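Visitor: Quick one, structure for this:
(chains A and B, ligands or ions: 2)
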Amino acid sequence: MKKFLPPLIPLVVIALTAEVTVRSGAVPSYLVPAPSAVLRALLDSRDELAAAMAKTSAAALIGFALSTLTGVAIAVLLSSSRAIQRAFYPYAVFFQTVPIIAIAPLLVIWFGYGMKTVIASAFIVSIFPVIANTLTGLLSTDPALRDLFRLYGASPGVTLVKLRFPAALPQILTGLRVASGLAVIGAIVGEFIGGQGLGSVVDVARTQQRVDKVYAAVLLASALGLALFGLINLISALTLRRWHASEATIE
Amino acid sequence: MTKTTGTNTARGVALRLEGVRRVFENSLAVIEGMDLAIDAGEFLAVLGPSGCGKSTLLRMIARLSAPDGGRIVTEPEHSQVAFVFQDAHLLPWRTVLANTVLPLELMGLGREERRTKARAVLDQVGLAEAEARYPAQLSGGMRMRVSLARALVTEPRLLLLDEPFAALDEITRFNLEVQLRDLWQRRGMTVIFVTHSISEAAFLANRAVVLARRGGKIRLDRHIGLPPERSNDLRSDPRLGQEMKLLMGAMEEE
Ligand SMILES: Nc1ncnc2c1ncn2[C@@H]1O[C@H](COP(=O)(O)OP(=O)(O)OP(=O)(O)O)[C@@H](O)[C@H]1O
Ligand SMILES: [Mg+2]
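Guide: Ligands and ions are numbered 1, 2, ... in the order given. From the prediction side, this is the model:
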C-alpha cells in the first residue's frame, strides 16, 4: 500500500483542482469536464464502456502477443548471421517509422472493419521495440561465455537456448515493456477507423460533444496500458528475481 | 588446506608450440615465431606486460582461435582443456550446482552422473554448502571458486587460467592460490597460469615464462626453485623474494 500512496497524491490533488476550476466556471465544461462528471459518465455508460473495454483489451493483448512471438522470432533470425541482419534490419526499422494513422485506412481495406484491423494496428505499432531489444540482447552475449560453450562443443542451437536467449531476457523484457504501451495505442488508433471498442466510443462521443464520455474512455484506455505494463513488470520481477538486485526491482 | 605436499609425477611433453605466429587485422604480429614446450604435469606461469599477447596465446592453446603460422601440437590425452577467465563469468540464472554441471551437460552426460561429479568438485573447492545459491548471492571469491569448479568438473588434463584472481582482494587471492596449487598436486594436471602479478607467479609455479612487450619473445624461461609445499608461510620466505627479484628483472629490461 505504501507503494501506491505517492502516485495517488498528485492524482487526488489534480482531480480536486480540476473540479474546483471547472465548477467555478474558469474553464468551460465542454473543454474539460469536471472529474465528477467523468465519474458519472463512467457509471451511466458502464455497460457500453465495459463491452468496449473488453474488445480493446482483447485486441491489444492479441496484437501484443503476436508482436512478442513474431518479434522474438525475427530477432533470432536476424541474429543468426551478419548478412541476414544487413539485408533485413532496415525493413524492421520500417515498422518503427510507419505512420500508423496514415496506413490505418489501408488496414481496413485489407482486413475490413472490426477486430482484425485493430489487431493488425496494435501489432504493427508494437513489434519494433521487441525486435530491436531482443536483437541487441542476443548480440551482446558475453564473449567469454560464448568461448566457454565453444570449448565444450555446444552447437549454435544449444548455445541459443542455454546461453544467448536467457542472457538476453532482461533486454527482451525491456522491449516488451515498451511494446505493451504501444500495443494499446495501436489498438485505439485502429479502432478509430476499424470502428469498435474504446476508440470507437471516443470517436462517437466526440461528435456528440460528450467530453465527459471521451475522458471516461481515455481513462479506461490508460488503465489498460498500465495493467499491461504492470503485468510485464510482474513477469520480469519473477523471472529475474535471482539475477541482480538492480534487475529484479520493479520500476 | 593451508599446506600442500607431494609432487607431480606425470612426465613427457604435453604441448609444443612451434614457430607460432598470430596477427590481427591492421596490426603487427602479436606473436611471432614462438617456440615453447610444456611438460605434462607442469605448473607454468606466463608473465608479461599488458597487451603482449598472453590471452592470445591461451586462446590458441585452447583452440578458440587458430595461429596464422606455425603449429601447436597437443598430446591426445591433453586435448581435454578447461579455461578459467579473469572474472567468474557464471550464468546468473543458474544455481551454483547448475553452473558447475554446465560443461558436462554440454558434453551430453546423464543428469545423475553430472550431478555426482559436480558435487564432488564443489566439495573440493569448499562450496558444498552453497550449491543451491545463485551467483548474485555469492562473494567474489566464492564466484571464482564456482568458476574453478566448473573448469575442473570435466577432469581436464590441461587447465588454462587467464588472470583468474586479479579482481579479488589479497587475502581471498592468497587462499585461492594455495587451494589451486593443492588441486593441481592432487590431480596431476598441467596448468598454464597467466598473470600480471610477479609474486603470484613465483609463489604458484614450477616454471615461469616472461614475455617481451612485442612479438611474444620469451625474455626469461626459468624453473622456480622453491619447495613443492607452498603454504602461506612461504610468502615471507626470502627464497620467494629471490625468485621475484629475478622475474622482476626480466620484466623491467625493455
Ligand atoms: N580480436 C582481436 N582483434 C584485434 N586485435 C586484438 C584482438 N585480440 C587481441 N588483440 C590485440 O593483440 C594484442 C595482445 O592482446 P592480448 O589480449 O593477448 O594481451 P594480454 O597480454 O592478454 O594483455 P592483458 O595483460 O592486458 O590481458 C593487443 O595489442 C590487442 O589489442
Ligand atoms: Mg589478457
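
Visitor: CA only for contacts and neighbour counts going forward, please
Guide: OK.

Visitor: residue of chain A with the smallest distance to chain B?
Guide: Residue nearest to chain B within chain A (Cα to the nearest Cα): residue A:243, separated by 5.3 Å.

Visitor: List the contacts of that residue.
Guide: Applying Cα atoms under 8 Å, 6 or more residues apart in numbering or on different chains, we find residue A:243 in contact with B:92, B:93, B:134, B:135, B:136.

Visitor: Mind doing that once more with 10 Å?
Guide: Residues near residue A:243 by Cα atoms under 10 Å, 6 or more residues apart in numbering or on different chains: A:170, A:237, B:91, B:92, B:93, B:94, B:134, B:135, B:136, B:137.

Visitor: Whichever strand or helix holds the second one close to chain B?
Guide: Element membership of residue A:237 [criterion: DSSP states H and E] is helix A:211-240. Yes: part of helix A:211-240 sits near chain B under the criterion Cα under 10 Å from any Cα of the partner chain, namely A:239, A:240.

Visitor: three-state assignment of the residue of chain A closest to chain B?
Guide: What DSSP: H, G, I helix; E, B strand; the rest coil gives for residue A:243 is coil.

Visitor: Quick check: mean pLDDT of the helix or strand hosting residue A:175?
Guide: Residue A:175 belongs to helix A:165-194 when assigned by DSSP H and E. Mean pLDDT, computed over helix A:165-194, is 94.

Visitor: So which bits of it are buried?
Guide: Residues of helix A:165-194 classed as buried by neighbour count (16 or more other Cα atoms under 10 Å in any protein chain shown): A:165-194.

Visitor: ok, residue B:90 touching residue B:149?
Guide: No: look at residue B:90 against residue B:149 with Cα atoms under 10 Å: they stay out of range, at 11.2 Å.

Visitor: any low-confidence regions in the stretch 101-250 of chain A?
Guide: The stretch 101-250 of chain A contains residues with pLDDT under 70 at A:244-250.

Visitor: what's the helix or strand for residue A:147?
Guide: helix A:143-151.

Visitor: Contacts (any at all) between ligand 1 and that helix?
Guide: No: judged by Cα under 6 Å from any ligand atom, helix A:143-151 and ligand 1 are separated, with a smallest distance of 10.8 Å.

Visitor: Stretch B:53-69 and chain A, any residue contact?
Guide: Yes: against chain A, stretch B:53-69 shows contacts by Cα under 10 Å from any Cα at B:59, B:62, B:63, B:64, B:65.

Visitor: Most neighbours among the residues you listed, which one?
Guide: Most neighbours among the residues of stretch B:53-69 next to chain A, by other Cα atoms under 10 Å in any protein chain shown: residue B:62, with 20 neighbours.

Visitor: what's the spacing between that residue and ligand 1?
Guide: From residue B:62 across to ligand 1, the span is 13 Å (Cα to the nearest ligand atom, to the nearest Å).

Visitor: Near the residue in the stretch 51-200 of chain A that ligand 1 sits nearest to, how many other residues are there?
Guide: Scanning the stretch 51-200 of chain A for the residue nearest ligand 1 gives residue A:143, at 10.8 Å (criterion: Cα to the nearest ligand atom). Residue A:143 is flanked by 11 other residues according to other Cα under 10 Å.

Visitor: which residues touch residue A:147?
Guide: Counting by Cα under 10 Å, 6+ apart, residue A:147 makes contact with A:153, A:154, B:59, B:62, B:63, B:64, B:65, B:83.

Visitor: Doesn't the fifth one belong to a helix?
Guide: No: counting by three-state DSSP, residue B:63 is not found in a helix; it is coil.

Visitor: wait, isn't it in contact with residue A:148?
Guide: No: the pair residue B:63 and residue A:148 fails to qualify as a contact (Cα under 10 Å) at a distance of 11.4 Å.

Visitor: for the chain, which helix is longest?
Guide: With no chain named, the answer covers chain A. Counting by DSSP state H, the longest helix found in chain A is helix A:46-80.

Visitor: The chain in question should be chain B.
Guide: Longest helix in chain B, counting residues (DSSP H): helix B:170-187.

Visitor: residues from the stretch 1-150 of chain B in reach of ligand 1?
Guide: Counting by Cα under 6 Å from any ligand atom, the stretch 1-150 of chain B sits next to ligand 1 at B:24, B:30, B:49, B:50, B:51, B:52, B:53, B:54, B:55, B:56.

Visitor: ok, residue A:233 - how many residues close by?
Guide: The burial count assigned to residue A:233 is 20, neighbours taken as other Cα under 10 Å.

Visitor: Would you check how far apart it and residue A:176 are?
Guide: 9 Å (Cα to Cα, to the nearest Å).

Visitor: Show me what residue of chain B gets nearest to chain A.
Guide: Closest residue of chain B to chain A, Cα to the nearest Cα: residue B:92 (5.3 Å).

Visitor: re the thing from before, joint contacts of residue B:90 and residue B:149?
Guide: Jointly contacting residue B:90 and residue B:149 under the rule Cα under 10 Å, 6+ apart are B:96, B:99, B:100, B:143.

Visitor: out of those, which are inside helices?
Guide: Among the shared contacts of residue B:90 and residue B:149, DSSP H puts B:96, B:99, B:100, B:143 in helices.

Visitor: could those residues go into a markdown table alongside pLDDT and distance to chain A?
Guide: As requested, these are exported to a markdown table (pLDDT from 0 to 100; distance: Cα to the nearest Cα, whole Å):
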| residue | pLDDT | distance to chain A |
| --- | --- | --- |
| B:96 | 96 | 12 |
| B:99 | 97 | 11 |
| B:100 | 97 | 12 |
| B:143 | 94 | 14 |
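
Visitor: Please convert those to CSV, extending it with neighbour count.
Guide: CSV is the format used below for these (neighbours: other Cα atoms under 10 Å in any protein chain shown):
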residue, neighbour count
B:96, 32
B:99, 23
B:100, 30
B:143, 21
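
Visitor: quick one: which of the residues of the stretch 1-150 of chain B next to ligand 1 is most hemmed in?
Guide: Counting by other Cα under 10 Å, residue B:54 has the largest number of neighbours within these, with 24 neighbours.

Visitor: how much space between residue B:217 and residue B:19?
Guide: Distance of residue B:217 to residue B:19, computed by Cα to Cα: 11 Å.

Visitor: residues near residue 228, how many?
Guide: This is for chain A. Residue A:228: 23 surrounding residues under other Cα under 10 Å.

Visitor: that answer is for a different chain, and I need it for chain B
Guide: Around residue B:228 there are 17 other residues, counting by other Cα under 10 Å.
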